[in-house]
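Peer 1: Here is a sequence together with a model predicted from it:
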Amino acid sequence: MVDLADRYVVTSNQESGFGRYDVMLEPKDKNDDAMILEFKVFNPRRETSLEDTVQSALAQIEEKQYEAVLIARGIPAEHIRRYGFAFEGKKVLIG
């Protein structure tokens, strides 16, 4: 992500909407896409698969309205990409 510093403002664990996102990449050029990244570790007590964990991360982005700060700064909703990362040991699933 450091390589993206000339094109994006990279922030982490900041308040937006009703919570704190893990990582946000806000484009310096409003025509580029913004990205919200949410990371989750697989919890077998709550989820049955990495796919469930990804869905939980994506649901959190929506429920907590993490895109609110980007929209307030003039980023169109259609230019906001949301990614959920699920981890289980060395396994990673991105959705």
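Peer 2: Arrived safely. Numbering: from 1, shown residues only.

Peer 1: how about the residue of the chain most remote from its centre, phi and psi?
Peer 2: In the chain, the greatest distance from the average C-alpha position (Cα atoms, centre = their mean) is reached by residue 45, at 23.3 Å. Residue 45 adopts backbone torsions of phi -80, psi -30, taken as degrees, to the nearest 10.

Peer 1: again with the one 3 residues further on
Peer 2: Phi and psi for residue 48, reported as degrees, to the nearest 10, are phi -100, psi -10.

Peer 1: In stretch 28-38, which residues are buried?
Peer 2: Buried residues in stretch 28-38, counting neighbours by 16 or more other Cβ atoms under 10 Å, are found at 34, 35, 36, 37, 38. Just so you know, the C-beta spots here come from the backbone N, C-alpha and C atoms, and that holds for glycine as well.

Peer 1: beta partners for residue 8?
Peer 2: Under DSSP bridges, the beta-bridge partners of residue 8 are residue 27.

Peer 1: what's the most distant pair in the buried residues of stretch 28-38?
Peer 2: For these, the maximum inter-member distance is 13.8 Å, found between 34 and 38 (Cβ to Cβ).

Peer 1: Quick check: the residue nearest the centre of the chain vs residue 74, distance?
Peer 2: A centroid search over the chain (Cα atoms, centre = their mean) returns residue 37, at 2.1 Å, as the residue closest to the centre. For residue 37, the distance to residue 74 equals 21 Å [Cβ to Cβ, to the nearest Å].
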